[in-house]
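K.L.:
This is a predicted model, with the sequence first.
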Amino acid sequence: MAEATTAKQEVKRIEKQKAKEVEKKSKLQDMVAEKLKLPKKEEKKKEKKVLEEKIVTIGLRRIIDSRRTKRASRAIKLIKEKVKRIAKKPVKLSLKLNEKIWKRGIQHPPSKIKIKIKIMEDEAEVSPA
C-alpha cells in the first residue's frame, strides 16, 4: 500500500512539473512575441478583403539555365516577379507553394506551376491552385 501511495504522489508531482513547464513556455513565447512585435497566440489575424482572384500558370523552364544549386530559389524569385507584374502590389508566397517548389529539392524544381493569386488592398497572396 505504501508503494501505491508513493507512485500516486510521484505521478502528481510529475503532472505539476509538466504544468509549470507549459506555463513557462507560454510566458516565454508571449515575451518573445512582444519583443518582436508579433501577434500573440490568442489574437487572430483580421481577414483581408480580397479584391480579385486569378489562376495563372507560370512556366519555370528558363531556370534550367541557372546553376543547379540556385534553381529552387530562382524559381521563387521568378514567381514573385511575374506576380508583381500582374498584381502591381507586394507579393507574399504561401508555405504550401514554397513546399511545392522545394519538394524535389534545390536542383529539380517543377518546370511549370499553376498558382492562385489573391489580390488584396495592400498585398497579393500567392498559393498553389
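P.N.:
Cool, got the structure. Numbering: from 1, shown residues only.
K.L.:
and Val126, how many residues sit next to it?
P.N.:
25 (other C-beta atoms under 10 Å). For the C-beta atoms, the positions are set from N, CA and C on the backbone; glycine is no exception.
K.L.:
Could you do Lys25 as well?
P.N.:
Residue neighbour count, defined by other C-beta under 10 Å, stands at 10 for Lys25.
K.L.:
Kindly report the same for the one 4 residues further on.
P.N.:
By the criterion of other C-beta under 10 Å, Gln29 has 13 neighbours.
K.L.:
Run the chain-centre distance for whichever helix or strand Met31 is part of.
P.N.:
Element membership of Met31 [criterion: DSSP states H and E] is helix 2-36. What separates the centre of helix 2-36 from the centre of its chain is 29 Å, taken as C-alpha atoms, centre = their mean, to the nearest Å.
K.L.:
Within its sheet, name the partner strands of the next helix or strand after it and how each one runs.
P.N.:
Of the helices and strands lying after helix 2-36 in sequence (DSSP H and E), the nearest is strand 50-59. The strands that strand 50-59 pairs with in its sheet are strand 112-120 (antiparallel) (by DSSP bridges).
K.L.:
Quick check: buried residues in the partner strand?
P.N.:
Buried residues in strand 112-120, counted by 16 or more other C-beta atoms under 10 Å: 113, 115, 117-120.
K.L.:
Equivalent analysis for stretch 62-77, please.
P.N.:
Within stretch 62-77, the residues scored as buried using 16+ other C-beta under 10 Å are 63, 71-72, 74-76.
K.L.:
Domain-wise, how is this structure divided?
P.N.:
For the chain, the structural domains run 1-44, 50-128, going by automatic domain parsing.
K.L.:
Look at Leu92 and tell me its secondary structure.
P.N.:
Quick fix: residue 92 is Lys, not Leu. strand (DSSP: H, G, I helix; E, B strand; the rest coil).
K.L.:
ok, now the one 5 residues further on?
P.N.:
Three-state assignment for Leu97 (three-state DSSP): helix.
K.L.:
So, low pLDDT: which residues of the chain?
P.N.:
Applying pLDDT under 70 to the chain flags residues 1-5, 38-46.
K.L.:
From Glu123, how far off is the residue nearest the centre of it?
P.N.:
Taking C-alpha atoms, centre = their mean, the centroid of the chain lies closest to Leu95, which sits 3.9 Å from it. Distance, Leu95 to Glu123, using C-beta to C-beta, to the nearest Å: 16 Å.
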